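In: Output the structure for:
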Amino acid sequence: MTVISLGALCDYVSEDEYRAELLGAAVPLPADALEQLLVLFRSSASFKVAEFALLDDGRRVALGDDSRRFSRAVDPVGAVDDLTDAWDRLTTDTLEAAVRTLVTPEEEGGTELHPWEWLVEQLAVHGVTATVEELQQVDYRVEFSDRLVARLG
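Out: Numbers count the residues shown, from 1 in each chain. Below you'll find the model as predicted:
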């Protein structure tokens, strides 16, 4: 089996999903703390990202879990009335740039910090042998969940 493409799937985190995560925390939160966290959550748009590999046999293999997250806070630029929705002016282009920054960060000077060795290890868990050099040569795509595309309108 050969990796023909790597990628990341981006989805948003709904308020209900976030609330369920908070309620499932190892240390229970007091009700007022839970409500404060939800108020802060409502002032941003939150996203989760899961990496994957496409194989030459047609399979799609998940690499790790979807624990990578990022948020976009309400944009303070503009009129006060414009501060009500963190989803304003979000596009697939802006989200793709954010996802790429999350999964392939660069250090100062432009050196890419993508965890290539980690990807090789994750592939090995699925019985796929690949080298860092091979993975660096394949296309990297960013995809969006259907519900995220619908939310963006």
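In: gap between the most centrally placed residue in the chain and Thr91?
Out: If you average the C-alpha coordinates of the chain and look for the closest C-alpha using C-alpha atoms, centre = their mean, you land on Val49, 2.2 Å from that point. Separation of Val49 from Thr91 (C-beta to C-beta, to the nearest Å): 17 Å. Every residue, glycine included, has its C-beta placed from N, CA and C.
In: And Asp139, by the same measure?
Out: Here the criterion is C-beta to C-beta. By it, Asp139 lies 22 Å from Thr91.
In: CA atoms only for the top strand by length along the chain - export them in CSV, please.
Out: For the chain, the strand with the greatest residue count under DSSP state E is strand 60-73. Provided in CSV are the C-alpha atoms of strand 60-73 (Å, rounded to 0.1, in the frame of the first residue of the first chain):
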residue,chain,number,x,y,z
ARG,A,60,-8.8,6.5,3.8
VAL,A,61,-6.9,6.0,7.0
ALA,A,62,-7.3,8.3,10.1
LEU,A,63,-4.0,9.5,11.5
GLY,A,64,-4.4,10.1,15.3
ASP,A,65,-7.6,11.7,16.6
ASP,A,66,-9.3,15.0,16.1
SER,A,67,-7.9,16.6,19.2
ARG,A,68,-6.3,19.5,17.3
ARG,A,69,-8.4,22.5,17.7
PHE,A,70,-8.5,26.2,16.9
SER,A,71,-10.9,29.1,17.4
ARG,A,72,-11.7,32.3,15.7
ALA,A,73,-12.8,35.0,18.1
